[in-house]
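Structure for the following, please:
(chains A and B)
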Amino acid sequence: MRDFSYLRVDSVEAARNAAALPGAMLLAGGTTLIDLAKCGVAEPATVIDISYIEGLNAIDVTADRAVIGALAKMSHVADNAEVKSHFPAVSEALWQAASAQLRNMATIGGNLMQRTRCPYFRDPQNFPACNKREPGSGCSAIGGVTRGHAVLGTSEACIATYPGDLAIALVAFDAEVDLGERKLKVEDFFLAPGATAEREHDIRPGEVITAIEIPGSAAARRSTYLKVRDRQSYEFAAASAAVGLELEGDGRTIRDIRVAVGGVATKPWRAREVEDALKGKPLDEATVRKASELAMESAVDHGANHYKIALAPRVIARAILQLGETA
Amino acid sequence: MTAHDMKHAGSDSARLEAVGGRLSRVDGPAKITGAARYAFEQQLEGLTHAVLVGTTIAAGKVTGIDTRAAETAPGVLAVLTPDTIMELNSASDWFGRQPSEETYCPLVREVTFSGQHIAAVVAETLEQAVAAAALVKVGYDETPAIVDLSDGSDGIPVDAMTKEWGDAEAAFAEAPVRVCASYNTPREFQAAMEPHGLIARWEGDELTIWEPSQWLDGMARTYAEWFGVPFENVRLVSPYIGGGFGSKALALAHSAVAAAAAKMLGRPVKLVLNRPQNFTSYGGRAATRQTVAIGADKAGRIQSIVHRGVNETAVDGMWVEPLGSVTSIMYATPNFSSKQNVVRVNTVVPGAKRAPGENPSAFGIECAIDELAYELGIDPLEMRLINYAEQDPHAKKAWSTRQLREAFAAGAEAFGWARRSREPRSMRDGHQLIGWGVAAGTYPVRRAYGEAVVKLLADGSVEVESSSIDMGQGTYTILAQTAAETLGVPVEKVSVRLGDSHFARAGVTGGSRLAGVMTGAVYKAAGQALDELIGLALSDPRSPFHGLQANTLQVKGGRIAAPRGDGPEFSIAELMSTLGREKIEAKGDTVPASFTPEQRYNNYTTIAMALPHTEGEHSRHSWCAHFVEVRVDEDFGTVRVSRVVSALDSGRLYNPKLAESQWKGGIVMGIGQALLEEGIVDRRHGRIVNGNLADYMLPTNADIPDIQTISVGIPDPHSSALGGKGVGELGIVGVAPAIANAVFHATGKRVRDLPITLEKLI
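Below is the predicted model of the structure:
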């Protein structure tokens, strides 16, 4: 029997203290932690239940800024009228994530800590080699079944895809994660595997996510999240794009554009090459499609995931063009 | 609406209760309130928990099992290995054939697939057993595995599958128009919501098993033979089943482990497979490959069909997925050849999944005929009518009934097929390429003999008992309707008890045979009970009907009266009381009187006694036509089914509401097969890597459009006592080719490998 301690805390301060304990893991909605514990990946020594902390589930949105408490439920944020109005891509990303049951349980802070769906990562009994689980043990995925694996941000240590939707939208709009002492860009909070695949987040012992902040912008107000997947619901992205658009007064020249892609990279992936290629350019199909190809310039496939290199630019282009049609 | 319904159209609500009425599921309230108790929900005193340890290699030898850490783990009662588990007798197979080996060990030393059971841990709690099972250390001597069909040779010919007439190869070579292509289906899984597993309890040499089962008597026979106890000493209990789809008809290795553990410990043992084990402990649908060559004249008349098929089977077991079953009967052709091989690969023995054989067979021939239609520039529906088989082309016998032409007509009308533009890529809505496809399906009428007990009780209520089962298809409901109609009592007076092997015997629930067999048996038993009641009423001196100048009485609404209504009238309860009877019980069966006790036993515990569908002068099959609209995103390659209209001939429907539900379930499963389902094997390890319900893709509600089903059946007296043909398997047959054909119409791209995933279209 794998025993563990259970600690319920009622303040962020207490949570931080407890989170500094060796082998401590935070429990909020539980949709990731319990799942990973059942398949033998997560083996916490202490489970710190933060779900009883009051005041961490607030959703405070103005045109200038959204501040979303770490314990806000995915479904509540998705359904928030101000989020829908000022940050539609955030709401759309949440609605298309997981299932209704999971969205009702899972929290925003926990969502950022969601781990990869790589089948080799999730099956320690049959596949002992996994650099994410056991640094230096190798990668079982490389040379194996790779249809869902990443083509961007991979390394020899790991090719696991970051599976989430929300963080793609957060990265597109320069959101920050509030860790108390530190605030980090969400883009920097997530780490590409490099040689240290076991480090997925820039979070230190004793740090607790308390909120996510998203700066408002014209691009965020005119934004969308497009998710392409094998089935219509309860499925991770084959490729997805969070896109925001601001046009000049002429209604066709691109003043500001934000592009991030999901389902294809080891972390939420901002496609600045696409943004740079389109700023100041006219919004027309040929230009957009050509620029969208740039997102995949550094892509490397592992066989069965080759299709993602063709698919992702098409998803980006469709998202941009759809936004262009919604004046 | 069926012809049968039409006869009764406009009649009163009593029709709802009678055979053919749209009565809702009588077991529905128990299921939605949680009152229905499933196998694993039994609360037993002293229950222990077993967890299996599976192999992590696909081929080789076990060199050692270190159980020391597991044995001393908290709560552990026993660690079973091939060396420590009790010896079992080998059991006969489902044909009743005696095994070649004398003994059987459900835990293996020779590894033939990944996930094979190698040891089991029994502990006081499930958590203790799970933890201890992880401590069992296994040593292997690994050898190379054959992971799938692409590794193997051409395989082993299965001569019994060969079907030939005319000179197919020569006629194909001479045909002015020819198509030839290969069609592949992957390994698919039944993926029932309720996992496999059981609770086993011994009391002396009597064994009780709570286990979801599609075949209580067959499984009881297996347990009895394993443990060398009389058949009557084994009681299987399975009143509710959370989905079977063909997978729950046999007692398997994990069943033997649990029952043996219970015997060894002298305590009841519960063993439930975890979700990944549900992908490796019993077989899903075998992966298949087919080559279909069709030669035709310029008018589209088929001259020859040459068909070659291969399916995977296991290293240590044989499964033949009959790939020529639809190919050989769907279209008229003067020349035909179908042959099949099997290839042994390192997998658990494949098994039955909804319409085994017919399903992949239809994928081949129904795609191929579509290809021929485009080759000739003939409408795909017209193509099928040009080659309509007026009789069984293989058996050369008349169809019992074949409403396939009617299905094509009704489906095409409801779908609006006439508005279809012929050219591929000719219909679109923005970025969505729209395609319309059609395909036909069929499933043979499998018949068997059955029995049932019907009891008339003192309070006027009725009990029906049978060891047959209801896995969601509606057995409780249609048997209540059959008894109510036959006895003339309101349906709420009838309670149906199923799923206990100590009830009247029943054969396998598979091959869509149960409804036809069991309605016939209940009809017979209820008729006997009624005859006895009427006989007593007329002959017993205490009866108010005694001395009445009548040779029968009529029963309606639970009341019994003289036939012309000119005498007394009593409720059945009043009559029973007057007669001083507690109950009238009749066991009725449709078994030939000449059967010996052994033949009767084999009738229920093997499939050897089933009646061929081409017995006598007729060939008996259900038929259907599916019309499908797909939308394919031109950039993303994603296929969404946006409309399905299916017209189906299952003969007379005992309950149209439930039949439609079963058809739709099959169609939903067909959509999953066409677009999503595939067991993905890591070739280096010979192991399924998506053995869970997140990664093994099944359709969600969002993937399923409105489905319209139209019944075009007519009563078929050659197929069953009450005129019905098979329902459960039919719906899925032809769905995948209809979708593949629609995808071709939408995109101009012919995808011959299922599932049709987006990367095959971008």
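
Isn't B:L693 up against B:R275?
Yes: counting by C-beta atoms under 8 Å, B:L693 sits close enough to B:R275 to count as a contact (6.4 Å). For the C-beta atoms, the positions are set from N, CA and C on the backbone; glycine is no exception.

Is B:I478 part of a helix or strand, or is it coil?
What DSSP: H, G, I helix; E, B strand; the rest coil gives for B:I478 is helix.

Quick check: it vs B:R22, distance?
11 Å (C-beta to C-beta, to the nearest Å).

Which parts of chain B belong to which domain?
Following automatic domain parsing, one gets these domains for chain B: B:39-144+B:190-279, B:288-446+B:614-760, B:448-605.

Now mean pLDDT, mean neighbour count and distance to A:A100 too, for those domains, in TSV please.
As requested, these are arranged in TSV below (pLDDT from 0 to 100; neighbours: other C-beta atoms under 10 Å in any protein chain shown; distance: least, C-beta to C-beta, whole Å):
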stretch	mean pLDDT	mean neighbour count	distance to A:A100
domain B:39-144+B:190-279	97	20	18
domain B:288-446+B:614-760	97	22	10
domain B:448-605	94	20	24
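
Which among those is found nearest to chain A?
domain B:288-446+B:614-760 (3.6 Å; C-beta to the nearest C-beta).

does the closest one come close to chain A?
Yes: against chain A, domain B:288-446+B:614-760 shows contacts by C-beta under 8 Å from any C-beta of the partner chain at B:431, B:633, B:635-638, B:640, B:675-676, B:680-685, B:687, B:689-690, B:694-695, B:697, B:699-703, B:757-759.

Contact residues of the stretch 451-600 of chain B facing chain A?
Residues of the stretch 451-600 of chain B found near chain A, taking C-beta under 8 Å from any C-beta as the criterion, are absent altogether.

And the helices in the stretch 451-600 of chain B, which stretches?
Per DSSP state H, counting those that start in this stretch, the stretch 451-600 of chain B has helices spanning B:475-487, B:514-539, B:572-579, B:597-605. These are given in chain order.

likewise the stretch 651-762 of chain B?
Listed in chain order (using DSSP H, counting those that start in this stretch), the helices of the stretch 651-762 of chain B are B:656-675, B:735-747.

likewise the stretch 151-300 of chain A?
For the stretch 151-300 of chain A, applying DSSP H, counting those that start in this stretch gives helices covering A:166-172, A:186-189, A:218-221, A:272-278, A:285-293.

Helix, strand, or coil at B:S337?
Classification of B:S337 by three-state DSSP places it in strand.

Leaving out chain neighbours, which residue sits closest to it?
B:A168 (3.6 Å; C-beta to C-beta, 6 or more residues apart in numbering or on different chains).

Equivalent analysis for B:G666, please.
If the residues on either side of it in the chain are set aside, B:G666 comes closest to B:G731, at 2.4 Å by C-beta to C-beta, 6+ apart.

coming back round to it: so which of the domains of chain B is nearest A:V208?
Taking C-beta to C-beta, domain B:288-446+B:614-760 is the member of those nearest to A:V208, at 28.3 Å.
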